[in-house]
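Chemist: sequence unknown, structure follows:
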């Protein structure tokens, strides 16, 4: 649904956020993504786990509104960040079926959900 120009701009702006965040953080980077139905946004966040201690710092890379970006557009933006920065994507908001499909396409080293566990 988004135009090619809108997708390119989201990727460009997100890469600028990640570059700035990486410059000012000292930990290993991960992308963290969620689908927020209440605000009707796809949200992509970058996080850094501190090398010393247990803290995690984060920065929101982008919000992509449901009415402007399709699921495929969202996946294109997300995976372009992963490819440029070569960092794992944490997807614990996704269904098991979607995770399996993404892992089959990109590999389990890239598509992760094992960092945060869900307990029932």
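Modeler: Here it is on my side, so go on. What you see is a predicted model, and the numbers here were worked out from it, not measured in a lab.
Chemist: quick one: residue 65 and residue 40 touch, right?
Modeler: Yes - counting by CB atoms under 8 Å, residue 40 is a contact partner of residue 65 at 6.3 Å. Where C-beta positions appear, they are placed from N, C-alpha and C, glycine not excepted.
Chemist: If you count contacts, what does the top helix by length along the chain end up packed against?
Modeler: Ranked by residue count and defined by DSSP state H, the top helix of the chain is helix 4-23. Helix 4-23 is packed against strand 28-36, strand 41-49, strand 56-65, helix 71-85, with contacts defined by 3 or more CB pairs under 8 Å, 6 or more residues apart in numbering; DSSP states H and E.
Chemist: and the longest one, what does it pack onto?
Modeler: If I follow you right, that is helix 71-85. helix 4-23, strand 28-36, strand 41-49, strand 56-65, strand 89-90, helix 96-106.
Chemist: now the ones you listed in CSV, with mean neighbour count?
Modeler: Output for those, formatted as CSV (neighbours: other CB atoms under 10 Å):
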stretch, mean neighbour count
helix 4-23, 15
strand 28-36, 17
strand 41-49, 20
strand 56-65, 16
strand 89-90, 20
helix 96-106, 13
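Chemist: In JSON lines: those, plus mean pLDDT.
Modeler: Shown next, in JSON lines, are those (pLDDT from 0 to 100):
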{"stretch": "helix 4-23", "mean pLDDT": "96"}
{"stretch": "strand 28-36", "mean pLDDT": "88"}
{"stretch": "strand 41-49", "mean pLDDT": "91"}
{"stretch": "strand 56-65", "mean pLDDT": "92"}
{"stretch": "strand 89-90", "mean pLDDT": "91"}
{"stretch": "helix 96-106", "mean pLDDT": "88"}
